[in-house]
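S.K.: Attaching a predicted model along with its sequence, questions to come.
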2 protein chains.
Amino acid sequence: MFSKSCEYGLQAILYIALHARPDRKVGLKEIADNQDIPAHFLSKILQILVKYKLLVSVKGPNGGFALYRKAEDITLLEVVSAIDGLDIFERCGIGLKHCDDAHPCPIHNKFKFLRESIRNTLMKETLADLIFAVEEGKTYVTLKHLISE
Amino acid sequence: MFSKSCEYGLQAILYIALHARPDRKVGLKEIADNQDIPAHFLSKILQILVKYKLLVSVKGPNGGFALYRKAEDITLLEVVSAIDGLDIFERCGIGLKHCDDAHPCPIHNKFKFLRESIRNTLMKETLADLIFAVEEGKTYVTLKHLISE
DNA sequence: ATACAGCATGTTTTCAAAATCCTGCGAATA
DNA sequence: TATTCGCAGGATTTTGAAAACATGCTGTAT
Ligand code: FES
Ligand code: FES
C-alpha cells in the first residue's frame, strides 16, 4: 500500500508525537532503536518531513525532532503525500496510462471509490486522535516491550 | 496498490476473456502488442495463471491462451492472489511486524476495514461482469484505439 | 514423420527503492 | 572560542522487482 519509506515516516512521526515535550526533543537514534528502523535511512525520511513543515529539527546537544504544528493539526494524509506523493490516489488500478473518468477501465468506478475511502480516512485521522488511543494503552506504535515480556 | 506483474495479469486476463472464443485461442504476442506489455515478461505472468488453473494454454499453430473456467466463475481476487498473494490484505499499514487484533497499531481498525472493502470488491467482481461493460463500450481495457483516433 | 508455430523456462541486464557510508554544519556549553 | 553533540545531505552500495534475452520444448498441421 505505502512505500517502506512512508511506513517508517508514519511510525516515526507517531513516535515523536508521543514522546516529544516542549522541553524535550526526540533524538534520531532513539526513534531508530525503538522502531527498528535503519538510522541513516530514517534520517533522510525525517529530512523530508522537516522540509514539508511537519517536523522541526534542532541540532547540537539536546537536539532532535519535534512536531512543527500541534498534533491536532497534522493529518496522516499530509505525511503520506509528503513522502509518497498523491500518486496512489490517481493511478489506474490495472495500470493503464491514464486514469480518466471519460475513458474508464473496467474497474475504474469501484476502484475510484476505494481510493477515495482511503484518502478520506487518512485526511480525517490526526496524530492527536491516534496517540490518544496509544496513551490509553489501546493501541501500539512499537512492539518492543511486548516481545520482552 | 498492486504490483506491475499483477496489473499486467489483470489486463491480460481481461483481454483474453474479451477476445477468446471456443474455436479461437488468444496468442501471447497479440496480448502483448495490444496492451503494451513486454512479451517475455507477460509469458511468465500467464504461466502463473495457468498453474493456478485460471487459464489454459495450447501450444502449436493456432495455439494461445483461453480461460480455464467460464468468465462468470473467475473473480478478480483469484487473479490478484495468484500473482501478488494475499499479503496486502494482511500487512500492517504502518509496517509493524505483525498485524494483530490483540495488539493493534494506531490505524489498525480503520485500515483493516479498508483492506476488507478492497478484498470484498475484488471478490464480488467476476470477469463476466467486467467484460460486459467493455462490450457495451462503457469501459476500456486498452487505450490503443483511442490514441489513434 | 516432419516442420513449425507458439508456449515454457533459465539467465542476464536494467533500474529504482532501500540501505549504508561519509563529511559538513549549526547549536549548546564550558 | 574551542569542543562536542547531533542533524543535514551528498555519494555510494545493495537489493529485488521489472524487463530483456536466449534457448528449449511440445502439440498441431500437413
Ligand atoms: S482508469 Fe483504471 S482505475 Fe481509473
Ligand atoms: S496492526 Fe497495523 S494495520 Fe493491523
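M.R.: On my side now, so go ahead. Ligands and ions are numbered 1, 2, ... in the order given.

S.K.: Contacts only, for the residue nearest to A:His19 when sequence neighbours are not counted.
M.R.: Nearest non-adjacent residue to A:His19, counting by Cβ to Cβ, 6 or more residues apart in numbering or on different chains: A:Val26, 5.2 Å away. Quick note: C-beta positions are derived from backbone N, CA and C, even for glycine. Applying Cβ atoms under 8 Å, 6 or more residues apart in numbering or on different chains, we find A:Val26 in contact with A:15-16, A:19-20, A:64-66.

S.K.: Just those: which are in strands?
M.R.: A:64-66 (DSSP state E).

S.K.: Format the residues you listed as TSV; extra columns: neighbour count and distance to ligand 2.
M.R.: As requested, these are arranged in TSV below (neighbours: other Cβ atoms under 10 Å in any protein chain shown; distance: Cβ to the nearest ligand atom, whole Å):
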residue	neighbour count	distance to ligand 2
A:Gly64	22	26
A:Phe65	24	22
A:Ala66	17	24
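
S.K.: Can you give me the distance of A:Gly93 to DNA strand C?
M.R.: Counting by Cβ to the nearest atom of the strand, to the nearest Å, the separation of A:Gly93 from DNA strand C is 19 Å.

S.K.: dump the residue contacts of A:Leu96.
M.R.: A:105, B:11, B:140, B:142-143.

S.K.: got it, and A:Ala66?
M.R.: Applying Cβ under 8 Å, 6+ apart, the residues near A:Ala66 are A:16, A:20, A:25-26, A:55-56, A:58.

S.K.: quick one: it from chain B, how far?
M.R.: 19 Å (Cβ to the nearest Cβ, to the nearest Å).

S.K.: quick one: contacts for A:Tyr15?
M.R.: A:26, A:31, A:34-35, A:141-142.

S.K.: how about 7 Å then?
M.R.: Going by Cβ atoms under 7 Å, 6 or more residues apart in numbering or on different chains, A:Tyr15 touches A:26, A:31, A:34-35, A:141.

S.K.: Who wins on neighbours among those residues?
M.R.: A:Ile31 (25 neighbours; other Cβ atoms under 10 Å in any protein chain shown).

S.K.: For chain A, name the helix or strand with the lowest mean pLDDT.
M.R.: helix A:144-148 (a mean of 48; mean pLDDT, DSSP states H and E).

S.K.: is ligand 1 contacted by stretch A:96-116?
M.R.: Yes. Counting by Cβ under 6 Å from any ligand atom, contacts between stretch A:96-116 and ligand 1 involve A:96, A:99-100, A:104-105, A:107-108, A:111-112.

S.K.: so what pLDDT did A:Lys53 get?
M.R.: pLDDT recorded at A:Lys53 is 95.

S.K.: Columns pLDDT on top of the contacts of A:Tyr15, output as JSON lines?
M.R.: Formatted as JSON lines, the contacts of A:Tyr15 follow (pLDDT from 0 to 100):
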{"residue": "A:Val26", "pLDDT": "96"}
{"residue": "A:Ile31", "pLDDT": "96"}
{"residue": "A:Asn34", "pLDDT": "94"}
{"residue": "A:Gln35", "pLDDT": "95"}
{"residue": "A:Val141", "pLDDT": "93"}
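
S.K.: Closest one to ligand 2 out of those residues, please.
M.R.: A:Val141 (9.6 Å; Cβ to the nearest ligand atom).

S.K.: hang on, the earlier thing: just the ones in strands from the contacts of A:Tyr15, please.
M.R.: Among the contacts of A:Tyr15, no member lies in strands (by DSSP E).

S.K.: what would those look like in a markdown table with distance to DNA strand D?
M.R.: Formatted as a markdown table, the contacts of A:Tyr15 follow (distance: Cβ to the nearest atom of the strand, whole Å):
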| residue | distance to DNA strand D |
| --- | --- |
| A:Val26 | 7 |
| A:Ile31 | 8 |
| A:Asn34 | 13 |
| A:Gln35 | 14 |
| A:Val141 | 18 |
